[in-house]
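Undergrad: the following comprises the amino acid sequence and a computationally predicted model.
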2 protein chains.
Amino acid sequence: MAAVQDGVVTSIPDRLFLDLKNAIFEGRIAVGSKLSEPELAREYEVSRGALREAIGRLEACRLVIRKNNLGTRVVSLNHEQLIEIYHVRESLEGMAARQAALAITDEELRELDRLLDHHANDIEEEINHAYFQEEGDLDFHYSIVKASHNNFLFELLCNDLYQLVRLYRYQFGMRSKRAVRAYDEHCNIVDAIKRRDGEMAEHMMRAHIRASRENVELMLADRTSNIA
Amino acid sequence: MAAVQDGVVTSIPDRLFLDLKNAIFEGRIAVGSKLSEPELAREYEVSRGALREAIGRLEACRLVIRKNNLGTRVVSLNHEQLIEIYHVRESLEGMAARQAALAITDEELRELDRLLDHHANDIEEEINHAYFQEEGDLDFHYSIVKASHNNFLFELLCNDLYQLVRLYRYQFGMRSKRAVRAYDEHCNIVDAIKRRDGEMAEHMMRAHIRASRENVELMLADRTSNIA
DNA sequence: AAATCCCATATTGTCGACATTTTTATTAAA
DNA sequence: TTTAATAAAAATGTCGACAATATGGGATTT
């Protein structure tokens, strides 16, 4: 999961960008709240200039929205926008699986098997389900995208989309209960990749994400009906 | 084509961002060349701070690459990277066509017909082929994506991907000679959308972009063999 | 002659201050 | 009491200056 950039000199905005991102993910900066430049500059002990550059990068990966003369707010997405992202994920990750089937290395294949085993153990021991519902699932998808050896796809998904999904799932307080079914779907995807069947890998991945989206739609529908 | 943001106050970085983008597209800032902050600040008569913010936005849409303490250069892509982008386009625009088939309005459908007519006339009169090879084709794709009514998809494709493709085709000096065949493919796509057949619309759009990619691959192969 | 080191120069990184715009608080009028 | 106008406060936009880093040239050494 760790995408450490080795040897790259990190500037103040680099560090700030990471810190702010974590603050958002951990809820210390609330969804929808405003990022006050004077306040954050004091808190992180940096100049407003450096802070503004870090905020610019948050804006680039769509985690915040900035309006001229009005300041910056953490994105607050509605249901429709979350669904939009799932549609994009479906097409993008489908393509990733297709390309992974052609380009994956033996080492990357072993890594996928390891993740699958880990997932299976968690299910059998009926413990720690939470892991694969959150980070573990992301690790799996991350590995597939990496195995596609399409760097553009990788950046799009891993730098932007996954983070948005993570934030929204957090925002809506969603925890998937699909661990067992998701495991089966993951196996299907890996099987297709092992057989170098790109067409099938894409099909299975799209089905997997579509199921995940439908699950989300159900939860969102539940929520609104409960509130209403 | 014009995506004018009405009523939005434009700051200096806003204007600079547009100016620099145009300068890159028109070749006044060469592909691969360095963006000197002092020089550009003098030329555009702005402070380096405002300039740096504009550069940050160029970086966000991947038109330039910035390295700490080393400065910023206009992206210079190799063949593999251009092909990577076409793969992403294929999956993303396929999804756009699929969703457009479900969500397109009558007005948007009329607009598509207008573009198709325009394209057909150009072919019959055997003039102005250049138009549809470049801007016209982009207009068509732009309209489809808009008709998907998936705003996230729209931003991804129209703010980032199309611009990159445009720049690379310029960088490699490519001009498609597929006007007639592309017209037929466009018609197939619009037919499927009219029938509200999302599955087929996606299939046709993907075939269209795949053909375009294969055409690009051919040109790139030609080029390298000529040079070698 | 080639390679290495060192210094002068230029460029990027960072900061504090001022200008402009928005927001809040206050006051006056209906 | 509510609304409108206005003034004070705070936030964002913009800038120029200084600090840190990289580049290029020349002297020195092998």
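TA: Sure thing, it's come through.

Undergrad: now do the buried residues in the top helix by length along chain A.
TA: Counting residues, the longest helix in chain A under DSSP state H turns out to be helix A:198-227. Within helix A:198-227, the residues scored as buried using 16 or more other C-beta atoms under 10 Å in any protein chain shown are A:198, A:200-206, A:208-209, A:212-213, A:215-216, A:219-220. To be clear about C-beta, it is placed using only N, CA and C from the backbone, and glycine gets the same treatment.

Undergrad: check stretch A:49-66 too.
TA: For stretch A:49-66, a neighbour-count test (16+ other C-beta under 10 Å) marks A:50-60, A:62-64 as buried.

Undergrad: can you tell me which of those residues is nearest B:F17?
TA: Set against B:F17, the nearest of the buried residues of stretch A:49-66 by C-beta to C-beta is A:G56 (11.4 Å).

Undergrad: skip the chain neighbours and tell me the closest residue to that closest one.
TA: Leaving out its chain neighbours, the residue that sits closest to A:G56 by C-beta to C-beta, 6 or more residues apart in numbering or on different chains is B:G56, at 4.5 Å.

Undergrad: right, and the one you found touches A:A54 too?
TA: No. Taking contacts as C-beta atoms under 8 Å, B:G56 lies outside contact range of A:A54: 10.2 Å.

Undergrad: in contact with the residue nearest to A:G56, which residues?
TA: By C-beta atoms under 8 Å, 6 or more residues apart in numbering or on different chains, the contact list for B:G56 reads A:53, A:56-57, A:60, B:66.

Undergrad: next, A:I65: secondary structure please.
TA: Secondary structure state of A:I65, per DSSP: H, G, I helix; E, B strand; the rest coil, is strand.

Undergrad: how far away is it from DNA strand C?
TA: Between A:I65 and DNA strand C the distance is 14 Å, computed by C-beta to the nearest atom of the strand, to the nearest Å.

Undergrad: so what's that residue up against?
TA: Here A:I65 is in contact with A:59, A:72-73, A:75 (C-beta under 8 Å, 6+ apart).

Undergrad: got the residues of chain A near DNA strand D?
TA: A:9, A:34-39, A:48-49, A:52, A:66, A:68-72 (C-beta under 7 Å from any atom of the strand).

Undergrad: what about those residues, which are in helices?
TA: Among the residues of chain A next to DNA strand D, the members found in helices (DSSP H) are A:37-39, A:48-49, A:52.

Undergrad: how about the spatially most central residue of chain A, nearest residue that isn't a chain neighbour?
TA: What sits nearest the mean C-alpha location of chain A, by C-alpha atoms, centre = their mean, is A:Y162, with 1.8 Å. Take A:Y162 and drop its neighbours on the chain: the residue closest to it by C-beta to C-beta, 6+ apart is A:L138, 6.0 Å away.

Undergrad: so the one you found sits against A:R169, correct?
TA: No. The pair A:L138 and A:R169 does not pass the contact test of C-beta under 8 Å, sitting 10.3 Å apart.
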